[in-house]
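In: With the sequence up front, the predicted model follows.
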Amino acid sequence: MKIKSAEFVVSNSEVEKCPKNNLPEYAFIGRSNVGKSSLINMLTDRKSLAKTSGRPGKTQLINHFIINDTWYLVDLPGYGYARVSKSSKKKFQKFITNYFEQRQQLVSAFVLVDIRHKPQPIDLEFMQYLGESGIPFAIIFTKADKLKPKAIENYVEDYCEGLLQTWEELPPYFVTSSSKKIGQEDVLNFIGSTNDEIEQLRAE
Ligand code: GDP
């Protein structure tokens, strides 16, 4: 898929106020500082569509972007920021679960994982939650430029082996680097072919 247009639509703190039409939607989420904003900018060929955050935990909103006038890219707040209070963590959980459980247009989540860190319980718990809620997801490994090819291979292999301890099947996964522009085509083609499948199903 080629990016022809990418525009900011709206930011919300409530799922009820998200765009009302039925375009397929893909939500990006991960721990603060995982490289989500950089990835969104890399995928969409824009310098600052998503604001790269100097202050993690500040952007507590659901941000909708419309891509090629045909699908929504959703930038969700980063989770697991150590310095937020317990009450705001609770509020965050409610806000995110409302989004995932109520948003009918959501086709797939992308859970971002920083390839430099060993598997983090918070990411694994979040994937567990998605699985239990019946929400399809894919994993995007970020910052692959930080490792050599062999180390990437080993990391992904170990990560998948870990997942197979609890999952029967592996989710789709992608290795990316925003600074080296790795993985753009793979992720966009995945979204493109999923959109085609949805269109076919809707036409039947
Ligand atoms: P967010 O908080 O998840 O939106 O993360 P940002 O996109 O703001 O990035 C967090 C930090 O990771 C920044 O210092 C980025 O420069 C850095 N970063 C993001 N993507 C990459 C990448 O692909 N490679 C490397 N080496 N650093 C990255």
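Out: Cool, got the structure.

In: ok, residues contacting the top strand by length along the chain?
Out: As assigned by DSSP state E, the longest strand anywhere in the chain is strand 106-114. Residues outside strand 106-114 that contact it (CB atoms under 8 Å, 6 or more residues apart in numbering): 24-31, 33-36, 39, 74, 99-100, 119-120, 123, 126-127, 130, 135-143, 159, 187, 194-195, 198. Where you see a C-beta, it was placed from the backbone N, CA and C, and this is true even at glycine.

In: Need the three-state assignment for the closest residue in space to Phe65 that isn't next to it in sequence.
Out: Leaving aside its sequence neighbours, Phe65 sits nearest to Leu73 (CB to CB, 6 or more residues apart in numbering; 4.6 Å). Under the three-state scheme (DSSP: H, G, I helix; E, B strand; the rest coil), Leu73 adopts strand.

In: what about Leu73, distance to the ligand?
Out: Going from Leu73 to the ligand by CB to the nearest ligand atom, to the nearest Å gives 14 Å.

In: Tell me who's in contact with that residue.
Out: Listed by CB under 8 Å, 6+ apart, the contact set of Leu73 reads Ala6, Glu25, Tyr26, Phe28, Ile40, Leu43, Thr44, His64, Phe65, Ile66, Ile67.
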